[in-house]
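Participant: build me a structure from this.
(one chain, ligands or ions: 2)
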Amino acid sequence: MVPGSGGGLTVPMRTQVAVIGAGPAGLLLSHLLAAGGVDSVVVESRTRAHVESRIRAGILEHSTVGLLRSAGLGDRLLREGDEHRGVYLQWPGERHHLDFVDLVGRGVWVYGQTEVQKDLGRARDAGGQQVLYDVRDTAVHDPADPHVTFTLDGRARRLDADVVVGCDGSFGPTREVVPGNTWQRTYPYSWLGVLADVAPSTDELIYAWHPDGFALNSMRSPAVTRLYLQVPAGTDLAQWPDERIWDALAARLGHGQDGWELRRGPITEKGVLPMRSFVRAPMRHGRVFLAGDAAHIVPPTGAKGLNLAVADVALLAPALVALLAEKDPRLADEYSDRALRRVWRCTHFSWWMTTMLHANEDPFDAQLQLSQLRWVASSEAGARGLAENYAGLPIGF
Ligand code: RFL
Ligand code: PHB
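Facilitator: Ligands and ions are numbered 1, 2, ... in the order given. Coordinates of the predicted model:
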């Protein structure tokens with residue numbers, strides 16, 4: 001990358017791959033490209049501190065952990081993350097453990113997206129790939145011979161690149177220059193998520209069906225609990241003081257049932273997360289590619305969003321190395337179709353988990369949900385289907 005000499009209004013630069021967005025998809029892509037000898041520059045509209053403190057996903061699939069480890073990003077994850085064998089599924093009066101390791105031979109890891117983000121940031125500090133934070137007015141131009149424009153420190157910049165990759169999440173600008181079809185579904189509910197300074201009340205995650213609405217008991221560390229409640233779409237947080245949140249969690253998660261207790265503690269963060277399924281295809285136009293949330297959104301019930309972003313990048317990085325370092329376009333040409341195969345599998349699984357677990361006021365649906373839950377919890381075939389999808393399919397599926 002050769003920065004321009006400056007002085008003019010537009011400061012030109014050049015790189016092999018311009019990456020838009022320094023979320024997990026963008027930073028991991030830049031890291032893997034550097035390992036393959038390909039130069040990249042990442043441009044990010046938020047500050048580094050903001051990006052590293054956003055509370056989001058918390059579950060890593062087996063193959064995500066394998067990829068992070070093989071990329072040299074697994075040390076802290078293995079030290080501080082928590083390996084889980086499975087999850088609990090529950091409904092009033094019953095709680096069942098699904099043991100993914102017994103069912104499909106692999107479990108999952110609890111390790112917050114904030115931590116993955118910090119690990120990627122530190123690896124970048126050591127490796128030297130350039131990330132430009134706090135940019136404004138990012139725009140992608142001319143997919144056949146692309147360049148990116150943006151403003152940094154009040155100066156207009158132009159970044160010329162052989163390839164541009166949009167890792168700019170659900171509202172980024174790159175998708176606008178990638179024409180294609182869109183499939184989407186919005187759900188009539190959201191999740192109210194809280195982080196609390198209290199030891200988790202459970203050893204593994206509890207997914208709870210309840211007539212008042214779904215609840216999820218997750219965690220981040222031995223001292224920090226992550227909890228979610230189904231709330232109507234458009235819910236105003238002001239209607240949910242902490243006491244109301246804890247009472248709803250206690251009722252839905254079965255506090256007092258068979259001696260189980262929900263521990264309460266100070267809530268340090270809360271937010272409302274809308275639920276949406278969205279797929280854009282193809283994930284490429286000319287020399288512009290999409291990866292992660294820029295191309296697809298899943299409702300969080302299956303814990304797939306972050307894992308899908310990592311899986312896209314695991315396909316795209318070697319494809320771009322082959323394209324740019326070896327002038328071999330085959331993997332790049334296959335990227336969209338191969339990525340979309342997994343995207344649709346995870347889109348279906350996330351939709352299935354969501355519709356099985358969220359209350360919707362229809363008593364017929366409620367009976368179908370309970371019947372499905374009983375089948376999943378009691379039939380090895382049912383349990384194995386959930387386990388295979390939740391613990392994650394191999395990269396390249
Ligand atoms: P990210 O993480 O959204 O990163 C995209 C990055 O692009 C930047 N960006 C721009 N940069 C430059 N110029 C522009 N014009 C730009 N516009 C945007 C953004 O600032 C950002 O840094 O996408 P990525 O890398 O694809 O990673 C995907 C995951 O982050 C996502 O799938 C999951 O976190 C989804 N998700 C959750 N998943 C769960 O499994 N459990 C959760 O609890 C959970 N919570 C969440 C979430 C996603 C959220 N978003 C995206 C609305 C909570 C939220 C709020
Ligand atoms: C989380 O811990 O944030 C989490 C866990 C499982 C999910 C969604 C979110 O399905």
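Participant: list the contacts for residue 118?
Facilitator: residue 52 (C-beta atoms under 8 Å, 6 or more residues apart in numbering). Just so you know, the C-beta spots here come from the backbone N, C-alpha and C atoms, and that holds for glycine as well.
Participant: wasn't it part of a helix?
Facilitator: Yes - under DSSP: H, G, I helix; E, B strand; the rest coil, residue 118 falls within a helix.
Participant: distance-wise, check it relative to ligand 1.
Facilitator: 13 Å (C-beta to the nearest ligand atom, to the nearest Å).
Participant: residue 83 versus that residue, what's the distance?
Facilitator: 20 Å (C-beta to C-beta, to the nearest Å).
Participant: same deal with residue 241?
Facilitator: Between residue 241 and residue 83 the distance is 36 Å, computed by C-beta to C-beta.
Participant: tell me which of the two has more neighbours.
Facilitator: residue 83 (14 against 10; other C-beta atoms under 10 Å).
Participant: wait, doesn't the more buried one sit right on residue 109?
Facilitator: Yes - using C-beta atoms under 8 Å, residue 83 is in contact with residue 109, at 5.5 Å.
Participant: what ranges does the stretch 51-200 of the chain have for its helices?
Facilitator: Here the stretch 51-200 of the chain has its helices, by DSSP state H, counting those that start in this stretch, at 62-70, 75-80, 100-104, 113-127.
Participant: out of these, which comes closest to residue 56?
Facilitator: For those, the distance to residue 56 is smallest for helix 113-127, at 4.3 Å, taking C-beta to C-beta.
Participant: output that closest one as CSV - backbone C-alpha positions only.
Facilitator: The C-alpha trace of helix 113-127 is given here as CSV (Å, rounded to 0.1, in the frame of the first residue of the first chain):
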residue,chain,number,x,y,z
GLN,A,113,-17.8,-11.5,20.0
THR,A,114,-16.2,-8.5,21.9
GLU,A,115,-13.3,-10.9,22.8
VAL,A,116,-13.0,-12.2,19.2
GLN,A,117,-12.9,-8.6,18.1
LYS,A,118,-10.2,-7.7,20.6
ASP,A,119,-8.1,-10.7,19.6
LEU,A,120,-8.4,-9.7,15.9
GLY,A,121,-7.4,-6.1,16.8
ARG,A,122,-4.3,-7.3,18.7
ALA,A,123,-3.3,-9.6,15.9
ARG,A,124,-3.6,-6.6,13.5
ASP,A,125,-1.4,-4.5,15.8
ALA,A,126,1.2,-7.2,15.6
GLY,A,127,0.8,-7.9,11.9
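Participant: does ligand 2 sit close to that helix?
Facilitator: No - judged by C-beta under 6 Å from any ligand atom, helix 113-127 and ligand 2 are separated, with a smallest distance of 8.0 Å.
Participant: for that helix, buried residues please.
Facilitator: 113, 114, 115, 116, 117, 118, 119, 120, 123, 124 (16 or more other C-beta atoms under 10 Å).
Participant: nearest to residue 222 among these?
Facilitator: Checking those one by one against residue 222 (C-beta to C-beta), the nearest turns out to be residue 115, at 14.2 Å.
Participant: I'd guessed that closest one sits against residue 77; true?
Facilitator: Yes - between residue 115 and residue 77 there is a contact under C-beta under 8 Å: 7.3 Å.
Participant: ok, for residue 388, nearest residue in space, not its chain neighbours?
Facilitator: In space, and not counting its chain neighbours, residue 388 is closest to residue 104: 4.9 Å by C-beta to C-beta, 6 or more residues apart in numbering.
Participant: wait, the one you found sits on residue 392?
Facilitator: No - using C-beta under 8 Å, residue 104 makes no contact with residue 392, being 9.6 Å away.
Participant: what's the neighbour count on residue 152?
Facilitator: There are 15 residues near residue 152, going by other C-beta under 10 Å.
Participant: again with the one 4 residues further on
Facilitator: Burial of residue 156, expressed as a neighbour count using other C-beta under 10 Å, amounts to 15.
Participant: and stretch 123-133, anywhere near ligand 1?
Facilitator: No - Stretch 123-133 stays clear of ligand 1 (C-beta under 6 Å from any ligand atom), getting no nearer than 8.9 Å.
Participant: residues touching that stretch, excluding its own?
Facilitator: For stretch 123-133, using C-beta under 8 Å, 6+ apart, the contacting residues are 1, 15, 22, 27, 30-31, 33-34, 40-44, 46-48, 51, 72-73, 150, 152.
Participant: so which of those residues belong to strands?
Facilitator: Of the contacts of stretch 123-133, the ones assigned to strands by DSSP state E are 15, 40, 41, 42, 43, 150, 152.
Participant: rebuild those residues as CSV, extending it with distance to residue 354 and pLDDT.
Facilitator: Below are the ones in strands among the contacts of stretch 123-133 laid out as CSV (distance: C-beta to C-beta, whole Å; pLDDT from 0 to 100):
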residue, distance to residue 354, pLDDT
15, 39, 96
40, 35, 96
41, 37, 96
42, 32, 97
43, 33, 97
150, 36, 97
152, 40, 95
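Participant: which two of those residues have the greatest separation?
Facilitator: Between any two of the ones in strands among the contacts of stretch 123-133 (C-beta to C-beta), the greatest distance is 16.6 Å, for 40 and 152.
Participant: between residue 104 and residue 392, which is the more surrounded one?
Facilitator: Between residue 104 and residue 392, counting by other C-beta under 10 Å, residue 392 is the more crowded of the two (30 against 21).
Participant: so for the more buried one, what's the pLDDT?
Facilitator: Note on residue 392: pLDDT of 96.
Participant: tell me the contacts of the closest residue to it other than its chain neighbours?
Facilitator: Ranked by C-beta to C-beta, 6+ apart and with sequence neighbours excluded, the top spatial neighbour of residue 392 is residue 61, at 2.9 Å. The contact partners of residue 61, taken as C-beta under 8 Å, 6+ apart, are 108, 307, 391, 392.
Participant: show me what contacts the second one?
Facilitator: Residue 307 sits next to 59, 60, 61, 63, 64, 346, 392 when contact means C-beta under 8 Å, 6+ apart.
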